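>>> Let me see the structure of the following:
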Amino acid sequence: QITFYEGKCFSGRKLEVCGSCGSFQDRGFLNRVNSICVQSGAWVCFDHPDFRGQQYVLEHGEYPDFCRWNSRSDHLGSCRPVGHGEHYRIEIFEGSHFSGPSLELTEDCSFLQGQGWDKTCINALKVYGDGA
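Got it, this is the predicted structure:
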């Protein structure tokens with residue numbers, strides 16, 4: 001569950017969400033969000049409806065103002081819980097536009113160098129299947 005508040009420090013009108021929400025406005029909530037409380041799970045929030053625009057991944061905890069989730073504005077329009085199914089993989093690329101050396105992963109990985117990735121950065125990635 002995730003709760004969005006119009007005001008800073010969990011004040012003002014609120015919107016409680018338990019699953020995917022493609023449009024805050026369709027639920028009667030303006031796109032102005034100044035604080036968030038994530039009660040369970042991890043969530044991807046988008047600054048536009050229909051899961052478009054800048055993405056913010058929020059884990060369990062409290063975010064008393066939009067700077068806490070690294071946003072430059074108080075605009076959010078949709079969200080969905082983070083999760084993955086049984087069939088997923090991710091491919092990371094050193095270069096932009098999916099170019100240069102790449103590495104495909106099919107399991108959680110906490111240390112890329114242990115998987116043979118000796119590059120200093122990742123500039124693009126693709127998520128396949130039902131992964132997140």
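
>>> And the strands in this protein?
Counting by DSSP state E, the chain has strands at residues 2-7, 11-17, 35-38, 43-48, 52-58, 61-63, 78-81, 88-95, 99-105, 124-129.

>>> how about the closest residue in space to Ser23 that isn't next to it in sequence, phi and psi?
Distance criterion CB to CB, 6 or more residues apart in numbering; nearest residue to Ser23, sequence neighbours excluded, is Pro49 at 4.1 Å. In this view, the C-beta of every residue, glycine as well, is placed from N, C-alpha and C. Phi and psi for Pro49, reported as degrees, to the nearest 10, are phi -60, psi 170.

>>> what sits against Pro49?
22-26, 31, 77-78 (CB atoms under 8 Å, 6 or more residues apart in numbering).

>>> so which pair among the residues you listed is furthest apart in space?
Gly22 and Asn31 (12.7 Å; CB to CB).

>>> and the gap between Ser78 and Val44?
Look at Ser78 and Val44: by CB to CB, to the nearest Å, they are 9 Å apart.

>>> which neighbours do those two share?
Common neighbours of Ser78 and Val44 (CB under 8 Å, 6+ apart) are Phe51.

>>> more neighbours, these two?
Taking other CB atoms under 10 Å, Ser78 and Val44 do not tie; Ser78 has more neighbours (23 against 17).

>>> Mark out where each domain of this structure begins and ends.
2-82, 88-129 (the TED database).

>>> For the ones you listed, give me JSON lines that also has mean pLDDT.
Formatted as JSON lines, the domains of the chain follow (pLDDT from 0 to 100):
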{"stretch": "domain 2-82", "mean pLDDT": "93"}
{"stretch": "domain 88-129", "mean pLDDT": "89"}
